[in-house]
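Asker: model this:
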Amino acid sequence: MNRDSSETSSEPDENQREAIEEAVKRAAWQHLRSKDAASALSWYEPDAIVASDGSLYPSFDRFAQDAREFYATLKQVHVAVWDEMHVQVLGRDVAVLTATVRWSSTDKVDERIDLEGVWSAVFVRREKGWRVCARHESFLK
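Answerer: Numbers count the residues shown, from 1 in each chain. Here you go, the predicted structure:
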């Protein structure tokens, strides 16, 4: 049986690309707006690779532990914004998002945390939707 090459191609067409870009952006927004560690971590693959400010986490479990400790200190998030977002669609089930990010919060001892930097992540489409399998962030000091 002859199949049209567009049926078997793993390359998404323009409409599919636009849909993937929007879906990845939505996933990133939902992740950024997470109010607790469980919600934030639910956006990651269980073996995700994470780097932050020049350090590579030895395991996802170690990153998850740090994330839980961080969220446990939060009292209120004031700002959580992607200012500029770029998505590169690499295939039907994989895309890279690179964005500038601003985050401002207050911890439980009323210290303000203001962060501004860049965030990149490789998103893969899974049964539960788009998930991060690799991530890097760096913040201005």
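
Asker: ok, the residue lying closest to residue 117 once chain neighbours are set aside - contacts?
Answerer: Distance criterion Cβ to Cβ, 6 or more residues apart in numbering; nearest residue to residue 117, sequence neighbours excluded, is residue 139 at 3.5 Å. C-beta: built from backbone N, CA, C; applies to glycine. Applying Cβ atoms under 8 Å, 6 or more residues apart in numbering, we find residue 139 in contact with 53, 115-117.

Asker: what does the helix or strand residue 124 falls within contact?
Answerer: Element membership for residue 124, per DSSP states H and E: strand 112-126. Residues outside strand 112-126 that contact it (Cβ under 8 Å, 6+ apart) are 24, 27-28, 45, 82, 92-107, 130-140.

Asker: neighbouring strands for that strand, and are they parallel or not?
Answerer: With DSSP bridges as the test, strand 112-126 is paired with strand 94-107 (antiparallel), strand 129-139 (antiparallel).

Asker: Throw the ones you listed into CSV and include distance to residue 73, thanks.
Answerer: Listed next are these as CSV, based on distance: least, Cβ to Cβ, whole Å:
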stretch, distance to residue 73
strand 94-107, 5
strand 129-139, 17
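
Asker: no more questions from me, cheers.
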